[in-house]
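Enquirer: Any chance you can model this:
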Amino acid sequence: MVKKYISLDLSHTYFEEKFFRITPTVHVGYVINNDNINKKSGISNITSGLKFNFGKFFTTANWIYGPEPILFDTLDSNNQDGWTPSPGKKYGIHTLILDAIERSFARESAAYVKEQYTSQRIVKSLFYVSLGFEIKY
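Expert: Okay, here's the model as predicted:
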């Protein structure tokens with residue numbers, strides 16, 4: 001099954017030919033069949049931003065909201081809990097901790113403790129600011 005993504009983008013630049021410009025943007029994304037196993041569909045993200053241009057320089061304030069984190073909860077034993085494996089806790093120094101868990105608990109308990117240790121909550125909301133410089137060819 002093919003993952004389908006439908007998006008709707010809206011934006012408008014005010015004061016187009018001026019030194020100072022403002023561009024509000026809104027983006028809504030909808031996923032149909034997020035993977036071949038779970039086949040979940042829903043709104044994957046709503047992104048809004050406000051861009052301020054000063055000549056060739058700009059700064060943008062962006063907010064991303066994922067109303068249905070369940071779409072991304074596909075890699076662990078419970079794909080309905082809003083948690084997913086954290087790649088940062090599976091390698092490096094964390095392997096020492098995972099090995100200690102293996103040695104300290106029975107097999108079933110160790111599997112549960114390892115999953116809890118390496119899981120991370122799927123973030124529903126994110127705010128970030130970007131700065132940049134535009135060049136037109």
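Enquirer: and G88, helix, strand or coil?
Expert: Classification of G88 by DSSP: H, G, I helix; E, B strand; the rest coil places it in helix.
Enquirer: what does the element among helices and strands of the chain having the smallest mean pLDDT rub up against?
Expert: Lowest on mean pLDDT, DSSP states H and E among the helices and strands of the chain sits strand 83-85, with a mean of 85. With contact meaning C-beta atoms under 8 Å, 6 or more residues apart in numbering, strand 83-85 is reached by F72, D73, T74, L75, D76, E115, T118, S119, Q120, R121, I122. Every C-beta, even on glycine, is put in place using the N, C-alpha and C of the backbone.
Enquirer: From S48, how far out is the fourth one?
Expert: Spatial separation of L75 from S48 under the definition C-beta to C-beta, to the nearest Å is 28 Å.
Enquirer: okay, these two: which has more neighbours?
Expert: Taking neighbours as other C-beta atoms under 10 Å, L75 and S48 compare with S48 leading, 15 against 12.
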